[in-house]
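**Q** just coords:
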C-alpha cells in the first residue's frame, strides 16, 4: 500500500474539494480510500500541486485551461456509477499550462 497526501484533493465522483488529506493506493495504483490527515503518518508522501481522484483517465483537450478542464471532467464523472474504481492524478501547473500524472504509476498523461 502507498499513501500520498496533498493540501488540495478533488474527489471527482462527488465533485467535492477536500483539504489536507491522504489517499491510500493499493499495489495496482487504485484508490482504496481518502481520509483527512489527522496527524503525520510514517511513509506518507507529500505531493505538491492538486490531486484528483477520478474513475477515468484524465485527458486534457488542446489549449484547455484548468477551469475548463475541471468543469468538463466533472460533467463526465456523472456517467460513472458510485463506487467505481478510481485512480489518483497529480496536476501540476505553470502560469498557462498544466500537466497530469497518474500517481499509481507516475505515468505522464498530458
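**A** Yep, that arrived. Predicted model only: the values in this text are computed from it and were never measured.
**Q** from here on, contacts and neighbour counts on C-alpha atoms
**A** Noted.
**Q** Check the gap between the closest residue to residue 27 other than its chain neighbours and residue 28 for me.
**A** Counting by CA to CA, 6 or more residues apart in numbering, residue 27 lies nearest to residue 1, which is 5.8 Å off, once chain neighbours are set aside. Applying CA to CA, to the nearest Å, the value for residue 1 to residue 28 is 9 Å.
**Q** per-residue pLDDT, residue 97?
**A** Here the pLDDT value assigned to residue 97 is 72.
**Q** cool, and residue 66?
**A** Looking at residue 66, its pLDDT is 88.
**Q** Could you check how many residues crowd around the nearest residue to it once chain neighbours are set aside?
**A** Sequence neighbours aside, residue 98 is the residue nearest to residue 66 in space, at 7.2 Å (criterion: CA to CA, 6+ apart). Using other CA atoms under 10 Å, residue 98 is surrounded by 15 other residues.
**Q** Residue 98 bridge partners, please.
**A** With beta bridges defined as DSSP bridges, residue 98 has these partners: residue 93.
**Q** How are the strands of the protein distributed by residue range?
**A** With DSSP state E as the criterion, the chain has strands at 2-11, 16-25, 31-36, 44-46, 50-54, 87-93, 98-102, 107-108.
**Q** Figure out which of those strands is closest to residue 73.
**A** Closest approach to residue 73 among those is made by strand 50-54 (8.8 Å; CA to CA).
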